[in-house]
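1. Okay, sequence plus prediction incoming.
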Amino acid sequence: MFIYHVVRPEIWKDFSAKKSYRAASLTGEGFIHCSFENQLAGVLARYYSGTERLIILKIDSDKLESDLIIEPSTNGENYPHIYGEINRESIVGLEQRDSNG
């Protein structure tokens with residue numbers, strides 16, 4: 001299964017050469033927010049409207065070393081949350097785009 005994580009380019013550049021990625025939400029909330037592909041447009045519209053550039057990480061959940069839990073969140077939808085860092089091997093794609101897709 002593939003899940004997706006949105007990150008700003010200026011944040012991603014600090015992690016792009018490291019073995020794993022750690023979002024600020026892991027410290028603040030205990031997990032890294034992710035989405036299923038069909039949820040990306042809504043996430044971009046809600047949280048990144050007006051953001052010029054974004055990086056979308058495509059993550060293979062089978063390669064993820066941290067725990068993945070699918071939990072209820074915004075609008076009662078279930079979202080994937082990663083309870084730990086995202087290891088480099090699990091990132092199978094990276095797309096740069098603007099917030100409008």
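-> Noted; the coordinates are in hand. Residues are numbered from 1 along each chain as shown.
2. When you work out contacts or count neighbours from here on, use the C-alpha atoms and nothing else.
-> Will do.
3. Name the SS class of Ile82, please.
-> Assigned by DSSP: H, G, I helix; E, B strand; the rest coil, the conformation of Ile82 is strand.
4. who does it bridge with?
-> Counting by DSSP bridges, Ile82 is bridged to Ile32, Leu68.
5. I'd assumed Glu65 was in contact with it.
-> No. With contact defined as C-alpha atoms under 8 Å, Ile82 does not reach Glu65; the gap is 9.6 Å.
6. higher neighbour count, these two?
-> Neighbours per residue (other C-alpha atoms under 10 Å) separate Ile82 from Glu65, with Ile82 holding more: 22 against 16.
7. Between the two ends of stretch 18-26, how far is it?
-> Taking C-alpha to C-alpha, to the nearest Å, stretch 18-26 runs 17 Å from one end to the other.
8. ugh, wrong one, I meant stretch 36-52
-> Counting by C-alpha to C-alpha: the opening and closing residues of stretch 36-52 are 22 Å apart.
9. Check which residues of it are buried.
-> Taking 16 or more other C-alpha atoms under 10 Å as the basis for neighbour counts, the residues of stretch 36-52 that come out buried are 40, 43-44, 48.
10. Just list whatever residues bridge to Trp94.
-> Small correction: residue 94 is Leu, not Trp. The partner list for Leu94 in beta bridges (DSSP bridges) reads Leu57.
11. Tell me how far it lies from Asp60.
-> In terms of C-alpha to C-alpha, Leu94 sits 12 Å off from Asp60.
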